[in-house]
Each structure stands twice: as C-alpha cells, then as structure tokens.
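Chemist: Sequence and predicted structure, then a few things I'm wondering about:
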Amino acid sequence: MGSETERPSEVEPTPDDAPPGSVEGSPPAAASEPASEAASGPAPASAPESPGDEPDPPAAPAPSKPEPARWKKLLSGLLVAGGILLFLEAGLRAAGFGGADTFYRPEVAFGEPALATNPAASFRLFPTDRVSGQRIETPQLGFARFPAERGARFRVFVLGASSVQGFPEPPCFAIPASLRAWLERAAPDRTVEVEVVNAGVVATTSFAVLEIAEEIVEYSPDVIVVYSGHNELHGVWGAASALQVGGGSRALTRAAASFRRLRTARLIRRLVRGGGSASADAEPSGELIELIAGGARVRPDGPEHALAEANLAANLADLVALARAADVGCVLATPASNLHGLSPLATGDADADFARGRDLAAAGDLPAARVALRAARDRDPLHFRACDVLCDVVRSAARDGSEVGGDVALADVERRLDEADAAGVAGDDLFGEHVHPTPKGVVEIGRLLADAVLQTRAAARLGASRPLPGPGEVTPAELLGYGPLDELRTAAILRTFYDQSPFLAGQHDREAEVERRDRRMLAIVRGLAADERVLGERLLAGELRRGGLQLEIGRLLEARGSFEAAAAAYARELESFPYDRTALLGRGRVLARVPGREPEARTMVERALRLAPDDPEAQGLFRQLAADGR
C-alpha cells in the first residue's frame with residue numbers, strides 16, 4: 001500500500017546561541033540582561049532612594065538575533081534537494097543513461113522512419129517487479145510499429161488492459177484487429193489505409209490509459225478508443241490494489257507517474273535491484289493479478305469503490321479534454337463481462353442473485369434475468385468485472401464530453417452485447433472466462449466500436465461508409481481468418497487457466513469447466529484434417545502457444561496451394577513479429593503466385609533482404625521477380 005508522507009519533527013531545535021554547558025531541561029539565560037552585565041557579574045547594590053523618588057524604569061532588553069522560521073529552513077532544504085536532483089538528472093540524460101522514456105520510440109523500419117513500442121517504458125506503468133515479496137513478470141505495452149508520419153492513413157489507437165492487448169488470443173485476433181477489419185468493410189471505397197494501433201497493457205487502470213493518451217496525441221491519431229474499467233479496483237494503481245500510491249490518491253498517483261519518467265528514478269530502481277543481479281533474473285513466482293489484488297474484498301458501498309469511481313471519472317474527463325484540445329475523435333466504451341456463464345469469483349450474497357438470474361433466463365424471462373445477473377456481478381466481493389456504477393461513469397464521461405463540443409461517441413458494449421449471445425444475456429458464447437472475450441466476442445465488440453468510430457466527425461476521412469451487419473451475422477473465420485487450430489490453442493490455454501487460476505480455486509463450477517474444455521479440445525482434434533493433426537499435437541504438448549502458430553499454418557496452407565489464405569496467415573504472424581524474416585519471405589513467396597499481388601510480394605522480399613542480405617532464398621526470389629518485371 002502507499003506510504004504515509006513523513007511529517008516534519010515537532011521537537012524544537014536547540015538555539016544556536018544557547019550558553020555553553022546548557023543541557024535539555026535547564027532554564028535559558030535571562031534574555032533581559034545586557035551583555036556587559038553578563039560579562040562583569042552582578043551589579044553593586046544601589047544607594048538608598050530618597051523618599052518620594054520614583055524608581056528608574058528597567059533598561060530595555062538588548063534585541064536578540066531572530067530564529068529563522070521553520071518553513072524557511074524547509075524551503076531552503078527543498079531548494080537544495082531540487083538543485084541536486086536537477087543536476088543529477090541533467091547528468092544522467094547527458095550520459096544517455098536509461099534511454100528513451102516514451103512509450104513509443106523512433107526507429108527506422110525497412111528504410112522508413114517509424115515509431116515502435118519501447119519495452120523500457122513499462123517501468124512507468126509497473127514501478128516494481130515484486131509484489132508482497134514475490135517476483136512478477138512485468139507486463140509490456142502491446143507491441144506495435146507504425147510510420148512516424150500519418151500520411152494517407154486513418155489512424156486509430158485502442159487503449160485498455162488485457163482484453164485490448166489480447167488474452168488468450170494473440171494480437172491478430174484481439175479487439176483492435178477486429179475493429180480494423182470492421183472499418184475496412186464499412187468503407188470499401190476509402191482513399192486512406194485503415195491503421196489501428198493496439199495500445200493495451202495487462203492489469204492496468206485508467207491511470208495508465210491517460211498516461212499513454214498524453215503521448216499518443218502527438219502521433220496525429222484520428223480517433224482514440226478506450227475500452228477500460230475492469231481493473232479500477234484491483235489493477236495496478238487501483239483503489240484496492242497492492243500496487244497503489246498514497247492510499248489510491250489520484251494526485252499522488254499522478255505525481256509518482258511523473259517522477260518515474262526521470263532518469264533518476266531509473267537509477268534508483270537499478271541500485272535497489274542490484275543492477276540486474278541474479279535475483280532480478282529469477283523466474284516469476286506469483287500470479288500477477290492475484291498478487292496485485294492482494295486478496296482484497298470490496299463492498300459496492302465501500303470507500304475503495306467510491307475512490308475507484310472518482311479516479312475513473314477524473315481520468316476519463318482529462319482524456320476527453322486532451323482529445324478535444326488536440327482535435328482528435330474519442331470513443332469511450334463500457335466494458336462488458338460474462339454474466340450468465342460463470343458464478344461470482346468470491347462466494348457470498350452474490351451467489352443467490354446468480355442462481356436466480358440463471359433460473360429466470362432458463363424460464364425465458366430475459367429482462368429479469370439480466371437484472372439479477374448484473375446484481376450478482378456488482379455484489380461480487382472480488383470486483384474484477386466493471387459494475388453498473390463504473391459503466392455509468394463511462395457513459396457520463398462520453399455525454400459530458402459531447403455537451404462541451406468534443407468529438408466523443410459512446411460504445412455501450414456492456415448493454416448491447418447481450419443481443420449477440422445465444423443465451424440472450426452475455427455468457428460463455430462471448431467470453432472465455434469472466435472478462436476476456438471469445439473470438440465471437442471479439443468480433444461483436446469490434447463491430448460496436450466500429451459503429452461508434454463511424455459516428456465521430458473524424459470518420460469523415462474514411463469517406464462514405466456502409467451500414468454494419470447485425471449481431472452474429474459475421475463469424476470470426478470470415479472476419480479474422482480464425483480457424484480450428486486457433487480454437488485449439490485458445491482452448492488449451494483456457495483449460496490451463498481454469499485448472500491453475502487461484503481465483504477459481506473455490507468455485508463450484510471449476511471442475512465442470514475443466515471437463516468441458518477437455519471435451520471441446522478432443523472434439524477439435526477429431527475434426528482436424530490429417531495435415532493439421534501434427535500441429536494439433538504440438539499445441540496439446542504446450543508448443544506454439546506464445547507465437548509461431550500462424551507461421552506454421554501459413555506453411556501448411558502454402559503446401560496445399562491455398563496461396564491467398566497462406567499470405568493472410570503469414571500476415572497475422574507479422575502482426576506480432578514484424579521482423580520475422582521467415583514470415584516476410586513466406587508472404588512474399590505466396591503473393592508472387594497470386595495474380596496482381598506481385599508488388600506486395602516484392603516489398604516483402606525486399607524487407608527480408610534488409611534483415612538478411614545474404615539469404616540465398618530471398619536473393620533468388622528477388623531476382624525472379626525482377627526478371628519477370630514484377
């Protein structure tokens with residue numbers, strides 16, 4: 001928890017002019033005695049006074065040197081400390097210590113100026129790699145690389161936490177990818193390229209969203225999309241989090257975030273960690289979100305909840321004002337969660353609401369079921385799902401931003417997602433567990449975000465747009481290229497999550513969920529084609545879960561002669577690993593076989609050659625394209 005600010009000592013300092021030999025508790029020398037008298041001893045007795053004579057008034061005391069006011073001493077100390085800090089900071093910057101502190105740093109990508117995610121900037125969002133004495137794996141900003149100049153692009157940044165970054169799906173199947181695909185479908189006659197940057201960071205709150213937004217307005221976005229709110233209590237800097245500052249105080253949290261931008265802060269961290277010693281390189285020993293939450297239980301009417309509401313409201317208001325000042329469109333989205341599919345994370349009064357809601361849904365009374373299931377969510381003591389109150393904060397921020405002239409649109413995902421679920425209320429059809437969407441959920445959330453983006457004034461750069469399809473009319477396979485091997489990967493990850501997650505340890509439906517995932521994985525494997533089963537076995541063995549699956553799918557499709565599908569798979573791999581030479585060369589190789597795609601093939605091969613000029617396959621393909629005049 002945040003530490004209390006140290007108070008100045010209330011013990012009075014010993015005066016500088018205290019007489020020699022004086023000790024604590026001894027009376028001070030009389031201030032009214034002249035200095036000459038103190039030196040020469042007691043004055044002789046005076047002559048008897050005549051009757052009627054008035055005694056002489058006592059001599060005025062000699063003025064003593066005034067003691068400096070305590071606030072002046074404090075101010076002097078602060079000025080000295082500030083000067084030292086400025087001198088140290090200037091020296092560290094001049095020496096190049098710490099590198100760039102921005103979330104995106106300049107680089108040259110294939111000969112063109114670009115901006116790419118700066119891994120070192122995660123320190124600004126995660127000030128420590130230890131919580132409650134246990135080491136955690138510090139999350140990173142979702143990798144992205146985009147041209148330094150916007151040019152002929154419609155540029156959108158999507159900010160949020162793990163649902164935005166992608167879990168359990170990789171970035172190519174995350175919400176930003178879905179949003180891009182929907183915008184491309186909505187404006188087929190556009191004259192600009194749709195560019196959507198994934199700026200999600202695991203376990204973060206609206207504080208991190210605002211920090212990132214303050215930087216990205218400099219990169220000429222057309223629209224900023226915010227899908228955030230689940231972590232306001234238990235995430236990093238959350239109101240009930242083990243990683244908070246000053247008891248959750250917004251002013252202190254923002255001040256601490258500003259301090260961490262200094263090179264001095266990085267130096268302190270390096271000294272504390274021993275300069276990256278073996279202890280810093282040890283394997284993580286705790287679940288990130290479990291340790292950050294700290295086991296805290298929250299009441300809907302408790303002080304932590306009130307603080308979370310206030311922080312979210314203030315952060316969103318600042319973000320909307322920031323976008324308005326930069327003439328950038330803004331979409332605020334209410335975060336949705338699994339209401340029907342899983343019981344509350346912590347047992348208590350919420351269980352009765354959940355059971356009643358399930359019964360009402362089974363009876364066909366969907367309006368009453370939604371009320372009961374939302375009550376179960378809101379009364380869950382482990383508050384990892386944004387409640388109605390926090391969603392109302394998002395709605396109010398969007399409304400207030402519009403009323404003052406901002407280019408703000410609301411995507412009320414939390415309310416509108418019910419209509420896309422087969423059960424009539426958000427459940428397992430749309431969510432893999434409590435908050436992270438399934439591929440179908442990703443498609444539907446992306447559709448609602450795209451609809452809101454198209455309502456902004458900034459969307460005029462896209463040109464004329466078509467109405468978007470209704471709920472459930474487009475599948476993940478059609479929109480994103482999501483296939484059975486991708487589904488198997490996700491099922492395997494979620495099966496492990498259900499089996500090991502500390503938050504599901506006491507849930508009565510945990511074992512049933514594990515068994516359901518096992519049955520689903522078995523059904524997927526049985527449905528795989530013969531040439532897919534080798535990859536399926538590797539996935540079940542724990543391989544290809546962190547990357548490389550799309551590359552292998554691309555090779556498989558290329559071997560089948562499905563060149564356009566293979567090119568799409570290689571492109572999905574490049575979304576996560578843009579400097580993967582094998583994926584670049586594979587995409588170039590299959591595009592060279594597709595009529596009309598030769599210029600793209602040449603670009604891929606040229607990029608592969610920049611990474612490995614001596615690669616014989618790249619050289620040979622480049623010569624072939626040149627000989628064919630392509």
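Modeler: Received it, and whenever you're ready, just let me know what you need. Numbering: from 1, shown residues only.
Chemist: buried ones in stretch 546-561?
Modeler: Residues of stretch 546-561 classed as buried by neighbour count (16 or more other C-beta atoms under 10 Å): Gly548, Leu549, Gln550, Leu551, Glu552, Ile553, Gly554, Arg555, Leu556, Leu557, Glu558. No exception for glycine: its C-beta is placed from N, CA and C like everyone else's.
Chemist: Can I get that stretch in CSV? Just the C-alpha atoms.
Modeler: The C-alpha trace of stretch 546-561 is given here as CSV (Å, rounded to 0.1, in the frame of the first residue of the first chain):
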residue,chain,number,x,y,z
ARG,A,546,3.2,-17.9,-27.4
GLY,A,547,3.9,-17.5,-31.1
GLY,A,548,4.7,-19.3,-34.3
LEU,A,549,1.3,-20.9,-34.9
GLN,A,550,0.3,-18.6,-37.7
LEU,A,551,3.7,-19.2,-39.4
GLU,A,552,3.1,-23.0,-39.3
ILE,A,553,-0.5,-22.5,-40.6
GLY,A,554,0.9,-20.4,-43.4
ARG,A,555,3.3,-23.2,-44.4
LEU,A,556,0.5,-25.7,-44.2
LEU,A,557,-1.7,-23.7,-46.5
GLU,A,558,1.1,-22.9,-48.9
ALA,A,559,1.7,-26.7,-49.2
ARG,A,560,-1.9,-27.1,-50.1
GLY,A,561,-1.7,-24.4,-52.8
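Chemist: so Leu621 sits right up against Ala592, yeah?
Modeler: Yes: taking C-beta atoms under 8 Å as the definition, Leu621 is a contact partner of Ala592 at 6.9 Å.
Chemist: Centre-most residue in the chain?
Modeler: Val201 (3.1 Å; C-alpha atoms, centre = their mean).
Chemist: for Asp222, what are its contacts?
Modeler: Neighbour list for Asp222: Arg150, Phe154, Arg155, Val156, Val328, Gly329, Ala458, Ala459, Arg461 [criterion: C-beta atoms under 8 Å, 6 or more residues apart in numbering].
Chemist: Pretty sure Val158 sits against Pro171.
Modeler: No: the pair Val158 / Pro171 is not scored as a contact, 10.8 Å apart, by C-beta under 8 Å.
Chemist: What is the most widely separated pair among the contacts of Asp222?
Modeler: Arg150 and Ala459 (15.0 Å; C-beta to C-beta).
Chemist: And those two? Which one has more around it.
Modeler: Ala459 (23 against 17; other C-beta atoms under 10 Å).
Chemist: contacting residues around Phe110?
Modeler: The contact partners of Phe110, by C-beta under 8 Å, 6+ apart, come to Glu606, Arg607, Arg610.
Chemist: Arg385: which of these is nearest?
Modeler: For those, with Arg385 as the reference and C-beta to C-beta as the criterion, the closest is Arg607, at 42.3 Å.
Chemist: Check which helix or strand Arg155 maps to.
Modeler: Here Arg155 sits within strand 153-160, counting by DSSP states H and E.
Chemist: Contacts for the helix or strand just after that strand next, please.
Modeler: Remark: after strand 153-160, the chain's next helix or strand is helix 162-165, criterion DSSP H and E. With contacts defined as C-beta under 8 Å, 6+ apart, helix 162-165 is touched by 142, 158, 171, 174-176, 198-203, 227-228, 230, 335, 435-437.
Chemist: For helix 162-165, buried residues please.
Modeler: Neighbour-count burial for helix 162-165 flags Ser162, Ser163, Val164, Gln165 (criterion: 16+ other C-beta under 10 Å).
Chemist: I'd assumed Leu233 was in contact with His305.
Modeler: Yes: His305 is within contact range of Leu233, at 7.0 Å (criterion: C-beta under 8 Å).
Chemist: if I look at these two, which residues touch both of them?
Modeler: Common neighbours of His305 and Leu233, counting by C-beta under 8 Å, 6+ apart, are Ala239, Val298, His383.
Chemist: Of the residues you listed, which is the most crowded?
Modeler: His383 (31 neighbours).
Chemist: contacting residues around that one?
Modeler: Counted by C-beta under 8 Å, 6+ apart, His383 has contacts Leu233, His234, Ala240, Val298, His305.
Chemist: and if you look at Leu360?
Modeler: Leu366, Ala368, Ala369, Ala372.
Chemist: Please identify which of the residues you listed is nearest to Ser249.
Modeler: Ala372 (35.9 Å).
Chemist: what's the burial count for that closest one?
Modeler: Neighbours around Ala372, by other C-beta under 10 Å: 22.
Chemist: And it, how close does it get to Thr102?
Modeler: 47 Å (C-beta to C-beta, to the nearest Å).
Chemist: Which secondary structure state does the nearest residue to Arg589 once chain neighbours are set aside sit in?
Modeler: Leaving aside its sequence neighbours, Arg589 sits nearest to Leu621 (C-beta to C-beta, 6 or more residues apart in numbering; 6.2 Å). Classification of Leu621 by DSSP: H, G, I helix; E, B strand; the rest coil places it in helix.
Chemist: With Ala114 instead?
Modeler: Under three-state DSSP, Ala114 falls in the strand class.
Chemist: Quick check: beta-bridge partners of it?
Modeler: Glu107, Pro147 (DSSP bridges).
Chemist: For it, which residues are in contact?
Modeler: Pro106, Glu107, Val108, Arg145, Phe146, Pro147, Ala148.
Chemist: Which of the residues in stretch 584-603 are classified as buried?
Modeler: Buried-residue list, stretch 584-603, by 16+ other C-beta under 10 Å: 584-592, 597-598, 600-602.
Chemist: One more: stretch 319-335?
Modeler: Counting neighbours by 16+ other C-beta under 10 Å, one finds that the buried residues in stretch 319-335 are 319-320, 322-324, 328-335.
Chemist: Return the alpha-carbon coordinates of that stretch using CSV.
Modeler: Output of stretch 319-335 as CSV, limited to C-alpha atoms (Å, rounded to 0.1, in the frame of the first residue of the first chain):
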residue,chain,number,x,y,z
LEU,A,319,-8.6,12.2,-21.5
VAL,A,320,-11.7,13.7,-23.2
ALA,A,321,-10.3,17.2,-22.7
LEU,A,322,-7.0,16.1,-24.1
ALA,A,323,-8.6,14.7,-27.2
ARG,A,324,-10.7,17.8,-27.7
ALA,A,325,-7.7,20.1,-27.3
ALA,A,326,-5.8,18.1,-30.0
ASP,A,327,-8.9,17.9,-32.3
VAL,A,328,-8.9,14.1,-32.0
GLY,A,329,-12.1,12.0,-32.1
CYS,A,330,-12.7,9.9,-29.0
VAL,A,331,-14.8,6.7,-28.4
LEU,A,332,-15.5,5.6,-24.8
ALA,A,333,-16.7,2.1,-24.4
THR,A,334,-18.4,0.4,-21.4
PRO,A,335,-16.5,-2.8,-20.6
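Chemist: Can you redo the buried residues of helix 162-165 as CSV, where the extra columns are pLDDT and distance to Glu478?
Modeler: Formatted as CSV, the buried residues of helix 162-165 follow (pLDDT from 0 to 100; distance: C-beta to C-beta, whole Å):
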residue, pLDDT, distance to Glu478
Ser162, 93, 25
Ser163, 95, 22
Val164, 96, 22
Gln165, 94, 24
